[in-house]
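Asker: For reference, the sequence and a predicted model appear below.
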Amino acid sequence: MSAHILIVYTGGTIGSVEESETKSLRPLDFEQLRLQIPELDRISASLEVEALDPIDSSDMRPSHFVELAELLFERRESFDGFVVLHGTDTMAYTASALSFMLLDFGKPVVLTGSQLPIGVLRTDGKENFLTSVEIAAHRTVDPHTGEEFSTLQEVAVYFGDDLFRGNRTHKHSAEDFHAIGSANYPALAEVGVNLRFRHEALLRPKNLPSLATQLDPRVLVVHLTPGLGAEMLAHLLAAPGLRAVVLRTYGTGNAPSSSAFLDVISSAVTAGIVIVNVSQCSTGMVDPDLYATGRLLLAAGVIPARDMTIEAAVTKLMVLGGQHALPEALGAAFSEDLAGEQSTPGKLL
């Protein structure tokens, strides 16, 4: 029996065509998409489409995460897999948010997009879309029981021949067809002439699927620079209602060691603001024990985010912030690996 796949259109370049006269982009409907991609008729899967109000992905907000997560959860029992067409600018944020909102989803959710519109001659959208559908429809048979199940059972991003865990992704290029990367976790599949999944890298559900829709967007990102002093940091951390801060540090999690700077950090933590430590480096892990400056941050109450991406840290704090009112509970929950978003120290793959 062929897989039943739902295509969810949220906007973005991939779901648009260029008007021949005005050269402006307009959204496609599914029948037009079939005309642009006749190969869809050769895929051994039944497809349905559901469109949300299309937006540019730079306008993506937590409320859109909720709308999309609710749709996917409501349709979970009716479909074998899902392909989400999404703009590239905030794709990693949406993929990360969905991974925390749809814990133990147990079915494939593949986000994809393109750098060029579907109707353009050199578009990358056609291949990205077709392969995403193939990935969402892919089934594995247990050799012992004969049971058939979805090979991918998590939120992922497919882009430019790469399939990555969604909460490990980051957009690193505005121009390349390989615009999405995953620095600290390997690809979930080898995508070439054949599609070969790396089964040891795939996430499997541990509990029944759940849906989290109460998000707290009061998360601030502070990117350290040599000119950021204690006074300016104090001003940033005094934002009304602030719940959590992602502190983007140097190297393995280092920051200025001045007492004035650390006093500001410590005072914010004491006031109930959860501060997590994410490195500015794309590769590697925050290790607060490696240098004295990292240990000082740890002593001030800053939580190491290991090798999490900025997108994963921000959205994880939003999702958990909607579940935990007390800062101690929020901090403790953040330290747990919920959806394969962080590696165990010393065990980067």
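Answerer: Structure's in. What do you need?
Asker: so how far is stretch 281-290 off the chain centroid?
Answerer: Here stretch 281-290 is found 20 Å from its chain centre; the criterion is CA atoms, centre = their mean, to the nearest Å.
Asker: Renumber starting at 10 from here on
Answerer: In the new count, where the first residue is 10, that last one comes out as stretch 290-299.
Asker: what about that stretch, how long is it end to end?
Answerer: 15 Å (CA to CA, to the nearest Å).
Asker: Show the average pLDDT along it.
Answerer: Across stretch 290-299, pLDDT averages out at 92.
Asker: for that stretch, which positions count as buried?
Answerer: Neighbour-count burial for stretch 290-299, counted by 16 or more other CB atoms under 10 Å, picks out 290, 294, 295, 296, 297. In short, each C-beta sits where N, CA and C put it, glycine included.
Asker: lowest-confidence helix or strand of the chain?
Answerer: Lowest on mean pLDDT, DSSP states H and E among the helices and strands of the chain sits strand 34-36, with a mean of 63.
Asker: For residue 221, which residues are in contact?
Answerer: Counting by CB atoms under 8 Å, 6 or more residues apart in numbering, residue 221 makes contact with 78, 109, 110, 112, 328, 331, 332.
Asker: what do you get if the cut-off is 10 Å, keeping everything else the same?
Answerer: Applying CB atoms under 10 Å, 6 or more residues apart in numbering to residue 221 gives the contacts 74-75, 78, 82, 106, 109-112, 327-329, 331-332.
Asker: how close does it get to residue 317?
Answerer: 18 Å (CB to CB, to the nearest Å).
Asker: Repeat that for residue 197.
Answerer: 18 Å.
Asker: can you check residue 303 too?
Answerer: Taken as CB to CB, the span from residue 303 to residue 317 is 16 Å.
Asker: Pick out whichever of the two has more residues nearby.
Answerer: residue 317 (27 against 24; other CB atoms under 10 Å).
Asker: part of a helix, is the more buried one?
Answerer: No: counting by DSSP: H, G, I helix; E, B strand; the rest coil, residue 317 is not found in a helix; it is coil.
Asker: nearest spatial neighbour of it, skipping sequence neighbours?
Answerer: Of all residues not flanking residue 317 in the chain, residue 351 sits nearest, at 5.0 Å (CB to CB, 6 or more residues apart in numbering).
Asker: Next, the contact list for the one you found, please.
Answerer: Counted by CB under 10 Å, 6+ apart, residue 351 has contacts 176-177, 193-194, 294-295, 313-318, 321-322, 325, 343-345.
Asker: before we move on, what about residue 103?
Answerer: Listed by CB under 10 Å, 6+ apart, the contact set of residue 103 reads 19, 66, 69, 73-74, 77-78, 93, 95-96, 120, 164, 166, 175, 320, 324.
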